[in-house]
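Visitor: Got a sequence here, can you model it:
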Amino acid sequence: MASERAKYTEEYRVEAADYAISTGRPVIEVAREIGVEPKTLGNWVGRRRRELADPGAEAAARAGDAELKAARRRIRELEAENEFLKKASAYFARGQGL
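Guide: Residues are numbered from 1 along each chain as shown. Next comes the predicted model:
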């Protein structure tokens with residue numbers, strides 16, 4: 001017979017994860033103390049840590065990557081334009097006898 005999975009409310013999961021994080025003890029110890037599987041509590045703790053981290057950090061990093069990519073593209077365009085202008089100025093300078 002298959003064992004029935006325990007159902008935990010979201011509030012309980014958050015409280016358990018916060019407790020595990022705040023104590024600083026190993027997840028396995030806290031899991032034994034509160035009667036939850038260590039892997040389950042570990043998942044809750046990982047999710048809670050991601051939630052507590054700056055929620056906009058990942059979006060900001062992606063925006064920063066896009067900005068960096070655009071800046072590099074603009075640099076390539078300006079370098080190509082600079083090369084063209086160097087060649088054009090050399091061509092016209094030859095024509096004027098400089």
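
Visitor: What are the boundaries of the helices in this protein?
Guide: Using DSSP state H, the helices found in the chain span residues 10-23, 27-34, 38-52, 57-95.

Visitor: Between the ones you listed, which one is closest to residue 4.
Guide: Residue 4 sits nearest to helix 38-52 of all these, at 14.4 Å, using Cβ to Cβ. All C-beta atoms are positioned from the backbone trio N, CA, C, and that covers glycine.

Visitor: now the angle between helix 10-23 and the closest one, please.
Guide: Angle of helix 38-52 versus helix 10-23, following axes from the mean of the first three to the mean of the last three Cα atoms, to 10 degrees, is 90 degrees.

Visitor: Pull out the buried positions in helix 38-52.
Guide: Burial within helix 38-52, assessed by neighbour count using 16 or more other Cβ atoms under 10 Å, is assigned to 40-42, 44-45, 48.

Visitor: Which secondary structure elements does it sit against?
Guide: Applying 3 or more Cβ pairs under 8 Å, 6 or more residues apart in numbering; DSSP states H and E, we find helix 38-52 packed against helix 10-23, helix 27-34.

Visitor: Could you dump the helices of the chain into JSON lines with distance to residue 4 added?
Guide: Output for the helices of the chain, formatted as JSON lines (distance: least, Cβ to Cβ, whole Å):
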{"stretch": "helix 10-23", "distance to residue 4": "17"}
{"stretch": "helix 27-34", "distance to residue 4": "19"}
{"stretch": "helix 38-52", "distance to residue 4": "14"}
{"stretch": "helix 57-95", "distance to residue 4": "36"}
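
Visitor: could I get those as JSON lines with mean pLDDT?
Guide: Shown next, in JSON lines, are the helices of the chain (pLDDT from 0 to 100):
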{"stretch": "helix 10-23", "mean pLDDT": "94"}
{"stretch": "helix 27-34", "mean pLDDT": "96"}
{"stretch": "helix 38-52", "mean pLDDT": "92"}
{"stretch": "helix 57-95", "mean pLDDT": "88"}
